[in-house]
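Peer 1: The following block contains a protein sequence and its predicted model.
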Amino acid sequence: MSTVLYGSPIFGPVESRRLGVSLGVNLNPAAHKICSFDCIYCECGFNRNAIFPQTEEHTIPKRETVSKRLEETLQKMRSEGKFLDVITFAGNGEPTLHPDFSGVIDDTIRLRDEYYPKAHIAVLTNGTRVTDKGVLEALRRVDKPCVKIDSMDMKVVRELDRPTGSNYDVANVVKALVEGELNNLVIQTMFCRWQNESGVWVDNMGIKAIDLWIDMLRQVSPAELHIYTISRETPYKAMATATREELEAIGEEARAYVDYVYVAK
């Protein structure tokens with residue numbers, strides 16, 4: 001398996017197929033993933049249950065370190081005349097798990113306003129912490145809170161996304177998003193096929209699954225929808241992509257509830 005890990009706390013800029021020229025912020029260690037999901041398709045590999053040495057590459061970066069490195073990078077980019085569309089919180093796992101996530105967002109807004117005031121700030125999150133009021137308030141302050149919802153069927157979620165917390169329920173995430181009124185909300189969904197423990201090939205694209213997913217879109221009324229399929233090597237091998245025709249058909253159905261639908265090529 002070829003695992004993709006990102007530098008910490010700043011990496012890029014890279015050309016994002018969904019967001020444009022993106023400077024990445026990784027609030028997790030550079031050497032391994034920390035996530036509240038353990039998705040079978042994650043390019044960063046599976047979660048690892050191990051005790052790591054307390055070196056910089058194995059620890060979560062402090063708020064002050066993130067701010068310092070981000071400012072240094074933005075200063076350098078601006079001095080070199082480089083363009084920037086977005087500062088994106090992504091990297092090796094779930095960014096909202098950082099103990100000072102809200103403070104980091106405040107620092108990033110301040111630095112963005114100083115160096116690249118036209119750039120957006122995006123957070124790619126699996127939504128496991130949107131029920132936390134502090135996290136939700138921080139997501140309200142960014143330009144693009146991008147929440148991943150791959151299915152409304154918890155059986156599928158447990159197979160595909162594999163939440164690490166036993167009390168996770170995607171219905172609670174939807175409820176928090178509805179009540180939180182994130183007017184700039186982006187929903188992201190991975191459509192794919194995989195072989196389950198019984199050896200049967202299944203997917204998250206059946207009629208019932210799509211009906212439940214469409215109803216979720218109706219409830220949360222996102223500003224944007226990004227749908228895509230596998231584009232890199234996956235840690236779980238028995239997986240297959242959705243076809244372009246399937247993605248386009250799903251996207252066309254979703255356009256009744258979302259003004260902007262991005263279908264990955």
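Peer 2: Looks like it arrived, so ask away.

Peer 1: So which residue is dead centre in this structure?
Peer 2: Per CA atoms, centre = their mean, the C-alpha nearest to the average position across the chain is that of residue 124, at 2.9 Å.

Peer 1: so that residue sits in a strand?
Peer 2: Yes - counting by DSSP: H, G, I helix; E, B strand; the rest coil, residue 124 is part of a strand.

Peer 1: Just grab the bridge partners of it for me.
Peer 2: On DSSP bridges, the residues paired with residue 124 through beta bridges are residue 146.

Peer 1: tell me the contacts of it?
Peer 2: Contacts for residue 124 (CB atoms under 8 Å, 6 or more residues apart in numbering) come out as 88-90, 95, 146, 148, 188. For the C-beta atoms, the positions are set from N, CA and C on the backbone; glycine is no exception.

Peer 1: May I see these organised as CSV, with neighbour count and distance to residue 31 added?
Peer 2: Putting the contacts of residue 124 into CSV (neighbours: other CB atoms under 10 Å; distance: CB to CB, whole Å) gives the following:
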residue, neighbour count, distance to residue 31
88, 27, 20
89, 25, 19
90, 25, 16
95, 25, 17
146, 24, 25
148, 20, 24
188, 21, 26
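
Peer 1: Can you mark which positions in the top helix by length along the chain are buried?
Peer 2: Of all the segments of type helix in the chain, defined by DSSP state H, the longest one is helix 63-79. Buried residues in helix 63-79, counting neighbours by 16 or more other CB atoms under 10 Å, are found at 63, 66-67, 69-71, 73-74, 77.

Peer 1: Following the chain onward from it, which element is next?
Peer 2: Scanning forward in sequence from helix 63-79 by DSSP states H and E, the next helix or strand is strand 86-90.

Peer 1: So what touches the longest helix of the chain?
Peer 2: For helix 63-79, contacts defined as CB under 8 Å, 6+ apart pick out 9-10, 13, 23, 25, 27, 61, 84, 87, 100, 103-104, 107-108, 111-112, 114-116.
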